[in-house]
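**Q** the following block contains a protein sequence and its predicted model.
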Amino acid sequence: MKNLGKIILTFILITIPIFALEAKISPKTVYEGDQVSFIITAQGDEIKFPKKERIAGYKVTSQSISRNISNINGKVTKTLSKEYLFTPQNDFIIPPIEVFIDGKTLQTKKIKVKLQKEKRGDKEAFIFELSTDKSEVYMGEPINVLFTFKKHLSIDMAEANFNAPNFNNFWAKPTPKIPAEIEGEYMVYKIRYLIFPQKSGNITIDSGRMDAGIMQKRSRDFFSFERVKWKSLFSNNLTVKVNPLPQGVDIYGNFKLDAKVDKLKTKANEPVNLTITIKGVGNIDDIEPYKLDIKDAIVYADKPEKKVYTNNKEELGEFTQKFAIVSDRNFTINPLEFKFFDSNDKEVKLLISREFKIEVEQSMIKTQTAKLEKSDNTPKIVETKIVYDKASKTKLILFTIGGFLAGVLSAFLLKYPWKKREVDELPLARKVKNSKSDKALLSLLLPYSNKSKKMKNLVRELEENIYEGKRNIIDRADLIKNIENYLLKEKDVEDILR
């Protein structure tokens, strides 16, 4: 009897650790796309489960703990169960996991699981694949990426949600939606992307995920209930070899460059408008804005406009940038360049626009500025000379006569008071009054930006509103009322006051 008691005691001591810790998965048979529940159950007074971010290499989407306390014949037993939820993509192994129980560290058993393919007869229930039209490309060369999801017609699917990969190291754009269609025993859904590699090397396109909600019926008593069971299906991934572009080239495609101006002859301080257009096949978003540096001219640049037309195979685009150039003397717009790696000839091409020589009409009278020259001791002043051409002499005579008549008319008006002319009747004031937007007002005032400091500040505030999104308050009433003050330089104002 003593020996029997020892055997029983030894058996109890040996079996306590076995029943104190248990691990299992649910469901027992795991199909592709199923969410797996990994449950660890432990008995004891003090139990500590590990925190796990991943199980078998897959992200844990949820963790929870349940408790159960029982009292059998005065003996209280505490049982804790911790559940980890994750979705495997392939066969997996859960290694032994350590759990702290009543001062001891115990380990769960290793669990090995092989994923099963869900069948409909001899056909797979779901097929989800990733494919591309190219396995080797250049940087910036477009790649067509196609995700194909097939569902067997016998499956009642409530809905499906596609989760695209991050497309790391690629610039990705979705293409027009492709209608679902039936192919044999499957309903087929296709999702296409156009991607552009942004670095060279062997670059991996990660797998996509399709979350499919499957309708399932359950019967209880005389009633049947429908519920949705979700499956997460993962496509394969693919690696693409990306070759670098030649040094000094960043754009891949096939393009045409065009530059044009609205006039080749203009008046002093009136703007000449330049438009740059680049059209073709390729990623237009990669084209950087142009910057113009023209001597003795003020250049105002708009932000480029980019129009993109993406079809199922390539991306067509148009890049447009506009400039307004103002000067009081002749200037030249140098040829503009655009360099790219040609997708047809597989070579670097340089496009060059034409040169524009802009003639600026000078004022009718040309003056030579007075100079102060130094002799040995005595300063000598060189007289200012006024040079007239033949046409100018005729115009000068007409201006003299006109001035005389204007003087007579002014004296007459002063002697006999008439209704005072309103300031807003001036041509420029009237145009300001009729301008409907800040952009229209800027175009109107641009030629006068160098007339005075007030005008220069006003033009700058308009530019900030249009191109930088600022909200400067433009007092149009003051501008109309005091238009002469905006057109007078500070030195002229001082002379008038003096």
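**A** It's in.

**Q** now the phi/psi pair for R460, please.
**A** Dihedral angles of R460 (phi, psi; degrees, to the nearest 10) stand at phi -60, psi -40.

**Q** so what's it scoring on pLDDT?
**A** If you check R460, the pLDDT there is 84.

**Q** what's the burial count for it?
**A** By other Cβ atoms under 10 Å, 12 other residues sit near R460. To be clear about C-beta, it is placed using only N, CA and C from the backbone, and glycine gets the same treatment.

**Q** ok, now the one 4 residues further on?
**A** When counting by other Cβ under 10 Å, one arrives at 14 neighbours for E464.

**Q** now do the one 4 residues further on
**A** E468 has 8 neighbouring residues, counting by other Cβ under 10 Å.

**Q** any idea how far it is from L442?
**A** Using Cβ to Cβ, to the nearest Å, E468 is found at 13 Å from L442.

**Q** T320 is in contact with P289, correct?
**A** No: P289 is not in contact with T320 according to Cβ atoms under 8 Å; the separation is 11.0 Å.

**Q** shared neighbours of the two, anything?
**A** Both P289 and T320 are in contact with P304, where contact means Cβ atoms under 8 Å, 6 or more residues apart in numbering.

**Q** which one's more surrounded, those two?
**A** Counted by other Cβ under 10 Å, P289 and T320 do not tie: T320 has more neighbours, with 15 against 11.

**Q** strands of the stretch 151-300 of the chain, residue ranges please.
**A** Ranges of strands in the stretch 151-300 of the chain, per DSSP state E, counting those that start in this stretch, are 157-163, 170-174, 181-183, 186-197, 201-205, 209-220, 223-234, 238-243, 252-261, 265-267, 272-282, 298-301.

**Q** pull out the buried residues from the fourth one.
**A** Using 16 or more other Cβ atoms under 10 Å as the test for burial, strand 186-197 gives Y186, Y189, I191, R192, Y193, L194, I195, F196, P197.

**Q** confidence score at the first one?
**A** Pointing back at Y186 there. Looking at Y186, its pLDDT reads 95.

**Q** contacts only, for the residue nearest to it when sequence neighbours are not counted.
**A** Nearest residue to Y186 in three dimensions, chain neighbours excluded: K150, at 4.1 Å (Cβ to Cβ, 6 or more residues apart in numbering). By Cβ under 8 Å, 6+ apart, the residues touching K150 are F126, I127, F128, E183, Y186, M187, V188, Y189.

**Q** how is the chain partitioned into domains?
**A** With automatic domain parsing as the criterion, the domains of the chain are listed as 17-113, 119-243, 252-361, 419-497.

**Q** state the mean pLDDT of the first one.
**A** Taken as a whole, domain 17-113 has an average pLDDT of 88.

**Q** count of neighbours near E46?
**A** Neighbourhood size, E46 [other Cβ under 10 Å]: 10.

**Q** can you pull up the most central residue in this protein?
**A** In the chain, the C-alpha nearest the mean C-alpha coordinate belongs to D285, at 9.0 Å (Cα atoms, centre = their mean).

**Q** S452 reaches L487, doesn't it?
**A** Yes: using Cβ under 8 Å, S452 is in contact with L487, at 6.6 Å.

**Q** so between the two, which is more surrounded?
**A** Just comparing S452 and L487: by other Cβ under 10 Å the higher neighbour count belongs to S452, 19 against 15.

**Q** quick one: pLDDT of K431?
**A** We have a pLDDT of 81 for K431.

**Q** and it, its phi and psi?
**A** Dihedral angles of K431 (phi, psi; degrees, to the nearest 10) stand at phi -70, psi -40.

**Q** helix, strand or coil for the nearest residue to it once chain neighbours are set aside?
**A** Closest residue to K431 apart from its sequence neighbours, by Cβ to Cβ, 6+ apart: L444 at 5.6 Å. The local conformation at L444, judged by DSSP: H, G, I helix; E, B strand; the rest coil, is helix.

**Q** quickly note the distance from L444 to V137.
**A** L444 is 50 Å from V137, where distance means Cβ to Cβ.

**Q** that concludes my questions; thank you for your assistance.
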